[in-house]
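1. Predicted model and sequence follow; I will ask about them next.
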Amino acid sequence: MLCEECKINIATVHMTKIINNVKEEIHLCETCTREKKSEDFEVAFAIPKLLASLLDMNIDKQQNPTAIARPKCQNCGMTYVDFRRTGKLGCGRCYDSFRNNILPLIKRIHGSTQHVGKLPKKSGSIINKKRVLNSKKALLKELIIEEKFENAALLRDEIKIIEEDIKENGR
């Protein structure tokens with residue numbers, strides 16, 4: 001597809017605007033995009049703005065604003081209010097500094113606070129069973145330490161079933 005502006009180069013930027021149920025598509029090359037950007041081409045969707053808006057939705061309206069301002073990164077000096085305003089963290093240590101504040105946001109966006117990654121279709125079920133097996137083994141250790149032997153015995157039986165299933169269906 002050729003650029004709608006210069007009609008010479010191949011269009012690499014494709015933008016669709018829908019305003020009042022009126023759809024407008026723009027197809028531009030890289031050069032024309034740069035030129036139009038300075039004129040009237042506006043990128044309405046920005047990740048930092050999205051994060052900042054999600055953070056604003058998370059905040060209790062009656063919460064004390066000074067309580068929000070307290071967390072501060074010891075490394076770069078960024079405050080939590082700065083993060084809320086920009087949607088960007090200042091450095092890698094900001095994650096530790098604002099952990100309690102950003103975990104609900106991460107869970108809301110990703111559905112979990114732990115990275116689980118994607119699973120391949122062919123071996124995904126086995127990998128998932130191995131993850132479940134490892135978590136059950138960890139729970140079994142906790143139950144034994146807490147001396148909850150009846151629950152531990154039931155969990156041990158579940159672990160054996162999962163292990164047998166993994167052996168039968170692949171490694």
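-> Received it, and whenever you're ready, just let me know what you need.

2. okay, which residue is most central for this structure?
-> His110 (4.1 Å; C-alpha atoms, centre = their mean).

3. pLDDT wise, what is that one at?
-> Note on His110: pLDDT of 73.

4. Return the backbone torsion pair for it.
-> With angles defined as degrees, to the nearest 10, His110 sits at phi -100, psi -10.

5. Thr86 versus that one, what's the distance?
-> 20 Å (C-beta to C-beta, to the nearest Å). C-beta coordinates here come from the backbone N, C-alpha and C atoms, glycine included.

6. Show me how the record splits the chain into domains.
-> As given by automatic domain parsing, the domain ranges for the chain are 1-44, 47-110, 124-169.

7. Columns distance to Gly117 on top of those domains, output as TSV?
-> Below are those laid out as TSV (distance: least, C-beta to C-beta, whole Å):
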stretch	distance to Gly117
domain 1-44	29
domain 47-110	11
domain 124-169	9
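
8. and the ones you listed, which one is worst for confidence?
-> domain 47-110 (a mean of 72).

9. Now Lys23: phi and psi?
-> Per degrees, to the nearest 10, the backbone of Lys23 is at phi -90, psi 130.

10. That one contacts Lys17, correct?
-> Yes. Using C-beta atoms under 8 Å, Lys23 is in contact with Lys17, at 7.4 Å.

11. tell me the SS of Glu24?
-> Secondary structure state of Glu24, per DSSP: H, G, I helix; E, B strand; the rest coil, is strand.

12. Quick check: nearest residue in space to it, chain neighbours excluded?
-> Lys17 (4.6 Å; C-beta to C-beta, 6 or more residues apart in numbering).

13. burial of the one you found, as a residue count?
-> Residues near Lys17, counting by other C-beta atoms under 10 Å, number 11.

14. Pop out the phi and psi values for it.
-> Torsion angles, degrees, to the nearest 10, at Lys17: phi -110, psi 130.

15. residues contacting it?
-> Shown in contact with Lys17 (C-beta atoms under 8 Å, 6 or more residues apart in numbering): 23-26, 44.

16. Three-state assignment for His14, please.
-> Reduced to three states with three-state DSSP, the structure at His14 is strand.

17. Which strand or helix spans the residue nearest to it when sequence neighbours are not counted?
-> Leaving aside its chain neighbours, His14 sits nearest to His27 (5.3 Å; criterion: C-beta to C-beta, 6+ apart). Here His27 is covered by strand 22-28, with elements defined by DSSP states H and E.
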